[in-house]
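Enquirer: From the sequence below, what's the structure:
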Amino acid sequence: MRERMRNYFYIALFAIGSMGFLFSADYVFNHVLEPHQQIRIKVVLGMEEDLAGAGYNVNQSKIAIGSGGLWGKGFLNGTQTKLKYVPEQDTDFIFCTVGEEEGFIGSAVVLLLFTGLILRLIVVSERQHTRFARVYGYSVLSIFLFHLFINIGMVLGLTPVIGIPLPFFSYGGSSLWGFTILLFVFLRIDAGRGKH
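Expert: Alright, predicted model coming up:
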């Protein structure tokens, strides 16, 4: 009986939370988000077509990726990226540079390398003996996955443009340092797991 009451409580809590989210989404969109953030979300959802404004970067990155074809145009031979049609191509939109210059094959290789890194992080996280080490490992994994999905999603026009770098690819010292420190702290924790 107590188990059934607890299940009903969780269902009611979920229903109340869902209703709260449903009614607060409109308020947050119209009163909390800035106008430029609202336009980016509307462009992603297809509610507005703004190829000269908020949708310019995404439109140019899609053209760059599409022009790469299967094998790409070659290193430093991309017309969209070489002629600076794609803004922020060495930071936020680095994946469209890879897609144009190295094509589908190069993009697939990059994604396979990230998949290998993520699978390796899962294996290393699972072999940890302490709860802290395991939680830290999965936190590092989550940060990498989030950056990967958001960056590639915004280059392909699937997520709003929010300026998240692609790990170990995007130009910028702070992101490179941040990802490297996260990874090496986890590797140090893993190296010391046999001493406890």
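Enquirer: For Pro167, which three-state class applies?
Expert: Secondary structure, DSSP: H, G, I helix; E, B strand; the rest coil: Pro167 is coil.
Enquirer: residue boundaries of the strands in this structure?
Expert: Counting by DSSP state E, the chain has no strands at all.
Enquirer: hey, where'd the helices end up in it?
Expert: 2-27, 35-44, 56-68, 79-82, 94-126, 131-156, 173-191 (DSSP state H).
Enquirer: weakest of those by average pLDDT?
Expert: Here the helices of the chain differ in mean pLDDT, and the lowest is helix 79-82 at a mean of 74.
Enquirer: Quick one: list the elements packing against that one.
Expert: With contacts defined as 3 or more C-beta pairs under 8 Å, 6 or more residues apart in numbering; DSSP states H and E, helix 79-82 has these neighbours: helix 56-68, helix 94-126. No exception for glycine: its C-beta is placed from N, CA and C like everyone else's.
Enquirer: To Ile16, which of the ones you listed lies closest?
Expert: helix 94-126 (33.7 Å; C-beta to C-beta).
Enquirer: now Phe114, nearest residue through space, not along the chain?
Expert: Once flanking residues are discounted, Phe114 sits nearest to Leu148: 5.7 Å by C-beta to C-beta, 6 or more residues apart in numbering.
Enquirer: if I read this right, that neighbour contacts Ile164, doesn't it?
Expert: No - in this structure Leu148 lies outside contact range of Ile164 using C-beta atoms under 8 Å: 9.2 Å.
Enquirer: can you tell me which residues contact the spatially most central residue of the chain?
Expert: Ranked by distance to the mean C-alpha position of the chain (C-alpha atoms, centre = their mean), the top residue is Ile150 at 2.5 Å. Contact partners of Ile150, counting by C-beta atoms under 8 Å, 6 or more residues apart in numbering, are 159, 162, 164.
Enquirer: can you check Leu113 too?
Expert: No contacts exist for Leu113 under C-beta under 8 Å, 6+ apart.
Enquirer: related to what we said a few turns ago, put together JSON lines for the contacts of Ile150, with distance to Glu3 and neighbour count on each row.
Expert: Shown next, in JSON lines, are the contacts of Ile150 (distance: C-beta to C-beta, whole Å; neighbours: other C-beta atoms under 10 Å):
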{"residue": "Thr159", "distance to Glu3": "40", "neighbour count": "18"}
{"residue": "Ile162", "distance to Glu3": "43", "neighbour count": "12"}
{"residue": "Ile164", "distance to Glu3": "42", "neighbour count": "19"}
